[in-house]
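A.B. asks: Have a look at this prediction, sequence included:
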Amino acid sequence: MGFVLAYGQFPVDSGLEAYYADTSFEVLPEGAAIDLGPPLGMPMLVSPDPGERLFARWAIPGFRAIRHTKRWHR
């Protein structure tokens, strides 16, 4: 089975931005979330923990990590 989205997070100011960008991941700005609504057809956001940034790579051609700054509470 393949994947639709590979993502993770890392601490802000850790210096890992360049590493993930060099390995074909899109590094999102601090506080940004990934909107899974368009590809999955349901309202869902993946948000980073406080002090973290997300990185993502879609397996669907043409998709990008859609940025939102809205935080959902757990």
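C.D. replies: In hand now; what should we look at?
A.B. asks: hey, where'd the strands end up in this structure?
C.D. replies: Taking DSSP state E as the criterion, the chain contains strands spanning 5-11, 26-27, 33-35, 45-46, 52-58, 67-68.
A.B. asks: how far does the third one sit from the chain's center?
C.D. replies: The chain centroid and the centroid of strand 33-35 are separated by 6 Å under Cα atoms, centre = their mean, to the nearest Å.
A.B. asks: Output the lowest mean pLDDT helix or strand found in this protein.
C.D. replies: Every helix and strand in the chain was compared by mean pLDDT, DSSP states H and E; the lowest is strand 67-68, with a mean of 56.
A.B. asks: what's the closest of the strands of the chain to residue 18?
C.D. replies: Taking Cβ to Cβ, strand 26-27 is the member of those nearest to residue 18, at 8.6 Å. C-beta coordinates here come from the backbone N, C-alpha and C atoms, glycine included.
A.B. asks: List of residues touching that closest one?
C.D. replies: By Cβ atoms under 8 Å, 6 or more residues apart in numbering, the surrounding residues in contact with strand 26-27 are 17, 20, 21, 53, 54, 55, 56, 57, 64, 65.
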